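Novice: following is a predicted model, sequence given first.
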Amino acid sequence: QRIWTQQPANFKKEAILNVDGTITGTYGECKEGMDISYKGIWGYAPLVVSLNRTREPLYIVNRSGNVPSHLGSAHWIDKSLDLVCPDFEKVILRGDTDFSLTGNFDKWDERCTFIFGMDAKKNLIKKACDISETEWQLFNKPPREIKTQEREKPENIKAQVVKNRKFKNLQTECEFFAEFEYQPGKCQKSYRMIAIRKIINVSKGEEQLFDDCRFFFYITNDQIKTTESLIHLYRDRANHENDIEQLKNGVHALKAPSNTLNSNWAYMVIAALAWDLKAWYGMLMPYRVLGNQILKMEFKRFIRTFINIPCLIIKKSRKIVYRIVGYNNQLNHVFNFLFLLKKFEFS
């Protein structure tokens, strides 16, 4: 929070909280709290709540491997809101269908803007089918931005194998969106429900079988943004999977090296501080362009660029000289950062 206060004004305008669960596998057999998940993996099921812009994990909660993703998440979401709300003008909370905890919507509506996926249950599908065709609008995905020049695409070997062996192939043909008011059973007020009708082309080899229609639903209390922008906002949460992957394989924080549930939880929190330190390093960097690059940087590249700097250590009569051997273009900013730290007071 001390570092958030040092950021420019545009940083404090909006905070997006991502919440998701993951599976941490282990080959041990005597670890307390381990269990088998729905994927058939033995281990734990940690919950991760993170700040989207800086990619900081605000809370990591270790849980038994067979628990559903949403179990106990409302408590940690409330703690995350307590942590973030005082420092940001607007807070957005988003998660998949596991975290659409309707009993908490009215409470969260007073504190933040939220958008969650909703399971395509029969009552929602019926409401979507009752929408007239004139109300459905075609959803156009934004074109991909290419900063240099478009490269020639390689031959798709996988598509050829699927086609030659006559495997069933599902391919999205188009998407339509509409919306309606919906009041969940545990809520005292109605919210904005966004319905996505996805037309999927089903083929087998050269033969086109039929077009399948599937529905997806998102619920939100945002009454200002356009429907398309809310769809993009929800789908951007896929980047949270990259953060979890870095916690797993970059920092190796989501591991289970100890023998009890709580000791493994402690290890996850302690090891995740290395990823937080990378974020704080980027936020305090005087050169803002490099600071934003550090926030998006993978942990392995960060270590090689800023931490593992080869030096010759020369001991003289009254001083020690560090002579840098492997110089890179970022070190000048590192030295500026060191001077900044002398001015920045930590409690």
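Specialist: Received, thanks. All values reported here derive from a predicted model rather than from experimental measurement.
Novice: and the helix or strand hosting Ser263, what's buried?
Specialist: Using DSSP states H and E, Ser263 falls within helix 261-284. Across helix 261-284, burial judged by 16 or more other C-beta atoms under 10 Å covers 261, 263-265, 267-268, 271-272, 274-276, 278-284. C-beta: built from backbone N, CA, C; applies to glycine.
Novice: swap in stretch 234-245?
Specialist: Under 16+ other C-beta under 10 Å, the buried positions of stretch 234-245 are 234, 237, 240, 243-244.
Novice: cool, stretch 87-100 as well?
Specialist: The neighbour-count check on stretch 87-100 (16+ other C-beta under 10 Å) flags 88, 91-100 as buried.
Novice: swap in stretch 294-314?
Specialist: Applying 16+ other C-beta under 10 Å to stretch 294-314 flags 294-295, 297, 299, 302, 305-306, 309 as buried.
Novice: before we move on, back to that, got the contact list for the helix or strand just after the helix holding Ser263?
Specialist: Next helix or strand after helix 261-284 toward the C-terminus (DSSP H and E): helix 288-296. If you take C-beta atoms under 8 Å, 6 or more residues apart in numbering as the criterion, helix 288-296 is touched by 53-55, 278-279, 281-285, 302, 306, 330, 333.
Novice: tell me the two of these that are most distant?
Specialist: For those, the farthest-apart pair by C-beta to C-beta is Arg53 and Gln330; their separation is 21.5 Å.
Novice: give me the number of residues near the nearest residue to Lys168 once chain neighbours are set aside?
Specialist: Leaving aside its chain neighbours, Lys168 sits nearest to Lys204 (5.3 Å; criterion: C-beta to C-beta, 6 or more residues apart in numbering). Neighbours of Lys204 under the rule other C-beta atoms under 10 Å: 14.
Novice: give the contact list for Lys204.
Specialist: Neighbours of Lys204 in contact, by C-beta under 8 Å, 6+ apart: 166-169.
Novice: tell me how this structure divides into domains.
Specialist: Using the TED database, the domain parsing of the chain gives 116-224, 288-342.
Novice: for Val48, which of those is the nearest?
Specialist: Nearest to Val48, of all these, is domain 288-342, at 15.3 Å by C-beta to C-beta.
Novice: so for that closest one, mean pLDDT?
Specialist: For domain 288-342, the mean pLDDT works out to 84.
Novice: swap in stretch 115-126?
Specialist: Rounded mean pLDDT across stretch 115-126 is 93.
Novice: buried stuff in that stretch?
Specialist: Residues of stretch 115-126 classed as buried: 115-118, 124 (neighbour count, 16+ other C-beta under 10 Å).
Novice: which residues touch that stretch?
Specialist: So stretch 115-126 is contacted by 92-97, 99-100, 182, 193, 195, 214-220, 222, 230, 233-234 (C-beta under 8 Å, 6+ apart).
Novice: now that stretch: how far from the chain's centre is it?
Specialist: With C-alpha atoms, centre = their mean, to the nearest Å as the basis, stretch 115-126 stands 22 Å off its chain's centre.
Novice: likewise stretch 89-100?
Specialist: With C-alpha atoms, centre = their mean as the basis, stretch 89-100 stands 11 Å off its chain's centre.
Novice: and it, end to end?
Specialist: Distance across stretch 89-100, first residue to last, is 24 Å (C-alpha to C-alpha, to the nearest Å).
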